[in-house]
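Participant: Return a 3D structure for these sequence lines:
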Amino acid sequence: MDIEASNMSAPARPPRGAEILGRPLLSKDAAFTEAERDALGLRGLMPWRVITIEQQVTVELQRLRRKPDDLEKYIGLAAVDAAMWTPGYGPADAMTARTMGTEGHDELA
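Facilitator: Sure, this is the predicted structure:
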C-alpha cells in the first residue's frame, strides 16, 4: 500500500442531527424550518413546533422582565447568551441589541 494513500483521509462530511444541536455555532434551536429539519436530519430530535428567533427573543424578554432587579436580569441575559450563542443570528444577539438600546428602546425597563 502506498504511504501517501494511507495518510489521506476521506473528506469531512457536514454535521447532521444531534451533531448540529450540540454545537452552538450551528444550532438555531427550534428556529430550524421544516425543510432544514428534513435536510439536516433533525426531525424527531427537537420540539415539533418551529419557533422563530424573534419568537424566542420575545419569550426570553418576557422572562427577563419578570426578574425583580437588574442583577437578576443580567444573570438571566448571561444564561441566554451562554445557551443560545449563534453569532449574528441567535436570540442572544437579538436580545442584546434590544436590551442595550441599539434598536432605540430599552426592552427590559
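Participant: what mean pLDDT does stretch 22-30 have?
Facilitator: Mean pLDDT, taken over the full extent of stretch 22-30, equals 81.
Participant: Report the buried residues of that stretch.
Facilitator: Of the residues in stretch 22-30, 27-30 count as buried by neighbour count, 16 or more other Cβ atoms under 10 Å. The way it works is simple: take the backbone N, C-alpha and C, and place the C-beta from them, glycine included.
Participant: Stretch 52-66 now?
Facilitator: For stretch 52-66, burial by neighbour count (16+ other Cβ under 10 Å) applies to 53, 56-58, 60-61, 64.
Participant: now do stretch 33-53
Facilitator: Of all the residues in stretch 33-53, those buried under the rule 16+ other Cβ under 10 Å are 37, 40, 42, 46, 51, 53.
Participant: quick one: terminal-to-terminal distance for that stretch?
Facilitator: Using Cα to Cα, to the nearest Å, one end of stretch 33-53 lies 11 Å from the other.
Participant: same question, stretch 17-27
Facilitator: End-to-end distance of stretch 17-27: 10 Å, with Cα to Cα as the criterion.
Participant: between the buried residues of stretch 33-53, which is closest to Pro14?
Facilitator: Closest to Pro14 out of the buried residues of stretch 33-53 is Leu40 (8.4 Å), distances taken as Cβ to Cβ.
Participant: need the contact list for that closest one.
Facilitator: Leu40 makes contacts with 16-17, 20, 32, as judged by Cβ atoms under 8 Å, 6 or more residues apart in numbering.
Participant: Pull out the buried residues from the residues you listed.
Facilitator: If you count burial by 16+ other Cβ under 10 Å, the buried members of those come out as 20, 32.
Participant: So which of the contacts of Leu40 sit within strands?
Facilitator: If you go by DSSP state E, the contacts of Leu40 have nothing in strands.
Participant: Tabulate the contacts of Leu40 in a markdown table, adding columns for distance to Val80.
Facilitator: Formatted as a markdown table, those follow (distance: Cβ to Cβ, whole Å):
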| residue | distance to Val80 |
| --- | --- |
| Arg16 | 26 |
| Gly17 | 24 |
| Ile20 | 20 |
| Phe32 | 18 |
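Participant: Which members of the contacts of Leu40 occur in helices, if any?
Facilitator: Within these, residues falling in helices by DSSP state H are Ile20.
Participant: Since that was my last question, I'll sign off now.
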